[in-house]
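Asks: Sharing a sequence plus its predicted fold:
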Amino acid sequence: MFARSATRSLNNARQFSSSAARQTKVAVLGAGGGIGQPLSLLLKQNRLVTSLNLYDIRGAPGVAADVSHIDTPSEVNGYPADQLDQALEGVKVVVIPAGVPRKPGMTRDDLFNTNASIVRDLASAVARVSPEAHLLIISNPVNSTVPIVSEVFKKAGVYDPRRIFGITTLDVVRASRFLSGITGTDPKDCNVPVVGGHSGATIVPLLSHVAHGKGLKGESYEKLVHRIQFGGDEVVKAKDGAGSATLSMAYAGAKFTDALLRGLSGEKGVITPTFVKSPLYADKGIEYFSSLVELGVNGVEKINPVGPLSAEEEKLLEACLPDLKKNIEKGKAFVA
Ligand SMILES: NC(=O)c1ccc[n+]([C@@H]2O[C@H](COP(=O)([O-])OP(=O)(O)OC[C@H]3O[C@@H](n4cnc5c(N)ncnc54)[C@H](O)[C@@H]3O)[C@@H](O)[C@H]2O)c1
């Protein structure tokens with residue numbers, strides 16, 4: 001009798017704690033855009049998301065009405081331009097793809113003037129309304145927008161570096177797909193860690209860390225590295241003025257959000273590259289860096305070192321660090 005009731009209350013407790021843990025409200029800021037719409041669609045399909053708040057200065061209620069008909073249990077709400085605070089109430093995760101994308105001939109840094117203030121203002125609202133939320137930054141230039149968000153949170157007195165992430169997953173997705181294309185293998189067996197930052201020469205793929213990448217040498221190695229670093233340009237060029245990667249980025253954004261949600265819900269061993277406040281190159285004055293990061297109930301649990309590098313990768317890293325430092329300083333100076 002005792003045993004039976006004890007088992008029942010244990011089961012109740014388990015049910016309660018797992019359903020409490022599963023109450024996860026996610027907001028997308030910029031949900032009406034090229035990335036925001038497919039990202040919202042993918043997040044609606046994620047069972048770890050119980051509530052989805054879609055915000056944009058244009059079109060979010062329409063996207064929300066549409067996405068809300070998908071047959072998964074999560075609730076979807078859309079918020080127009082003047083309801084940012086309402087969109088942020090009680091959220092655990094905020095994904096930010098708001099801003100302008102590149103046109104042919106532009107670098108990600110060319111977006112700074114427009115996107116820096118958009119990201120700063122959205123981050124201020126999050127710091128005020130949901131200071132404990134985890135922020136996932138897609139808006140470019142990520143190397144600068146992550147420092148901007150961090151400075152905003154510091155100023156508001158609510159900074160926790162474990163909760164601010166730059167999404168670099170698209171570089172990882174591209175590296176995996178491009179390598180598998182060359183070697184005739186499955187992308188799932190080509191999980192290339194990509195470290196550094198998220199633009200041009202700051203993107204450092206560690207091909208020597210995967211069995212299928214190790215053997216590449218000479219021109220085929222160089223071509224692949226260049227394609228991973230500048231793969232975004234292929235999309236910008238092909239879209240011919242209509243923007244940059246949206247669908248593959250939505251996929252990458254949803255993939256990273258899922259990894260974070262799994263970590264937050266207590267799953268162990270969730271490890272993926274992301275651009276975070278990092279001690280790895282702090283002695284060189286570089287405060288933020290992407291490397292393999294273990295995600296857990298508090299967000300960033302553990303930052304892994306980059307590990308052994310080939311001679312070519314040493315050179316790539318050397319080229320990355322000065323650019324990255326400049327991008328980070330530009331972001332910090334914007335909020336100072
Ligand atoms: N991290 C990455 O790997 C990666 C990859 C591709 C694109 N991006 C970046 O993502 C951003 C969005 O790209 P996109 O193709 O979706 O652009 P888009 O122009 O199609 O959509 C951007 C959306 O942001 C909205 N917006 C603008 N200001 C806003 C504000 N203050 N609050 C809320 N919403 C606002 C716009 O109304 C629009 O709907 C760009 O900065 C782009 O460079 C990042």
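Replies: Alright, I've got the coordinates.
Asks: For the stretch 201-336 of the chain, just list every one of the strands.
Replies: Per DSSP state E, counting those that start in this stretch, the stretch 201-336 of the chain carries strands over the ranges 203-205, 270-277, 288-296, 299-303.
Asks: Whether the shortest one contacts the ligand - can you check?
Replies: When you say that, I think you mean strand 203-205. No. Judged by CB under 6 Å from any ligand atom, strand 203-205 and the ligand are separated, with a smallest distance of 9.9 Å. Every residue, glycine included, has its C-beta placed from N, CA and C.
Asks: Residue of this structure closest to the ligand, please.
Replies: Across the chain, no residue is closer to the ligand than G33, which sits at 2.0 Å (CB to the nearest ligand atom).
Asks: Turn the strands of the stretch 201-336 of the chain into CSV, columns for mean neighbour count and mean pLDDT.
Replies: Below are the strands of the stretch 201-336 of the chain laid out as CSV (neighbours: other CB atoms under 10 Å; pLDDT from 0 to 100):
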stretch, mean neighbour count, mean pLDDT
strand 203-205, 27, 98
strand 270-277, 22, 98
strand 288-296, 24, 98
strand 299-303, 17, 98
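Asks: Any chance of these in a markdown table with distance to S244 as columns?
Replies: Formatted as a markdown table, the strands of the stretch 201-336 of the chain follow (distance: least, CB to CB, whole Å):
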| stretch | distance to S244 |
| --- | --- |
| strand 203-205 | 15 |
| strand 270-277 | 18 |
| strand 288-296 | 19 |
| strand 299-303 | 27 |
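Asks: So what pairs up with S51 in the strands?
Replies: K25, E75 (DSSP bridges).
Asks: doesn't N77 make contact with N53?
Replies: Yes. At 5.4 Å, N53 and N77 qualify as touching, with contact defined as CB atoms under 8 Å.
Asks: All the helices of the stretch 1-150 of the chain, in order from the start?
Replies: 2-21, 36-44, 60-67, 84-88, 112-129, 142-155 (DSSP state H, counting those that start in this stretch).
Asks: Which of those helices comes out lowest on mean pLDDT?
Replies: Per-stretch averages of pLDDT across the helices of the stretch 1-150 of the chain put helix 2-21 at the bottom, with a mean of 43.
Asks: My guess is N115 contacts R102. True?
Replies: No. Between N115 and R102 there is no contact under CB under 8 Å: 10.6 Å.
Asks: who touches both of those two?
Replies: N140 (CB atoms under 8 Å, 6 or more residues apart in numbering).
Asks: All set, thanks.
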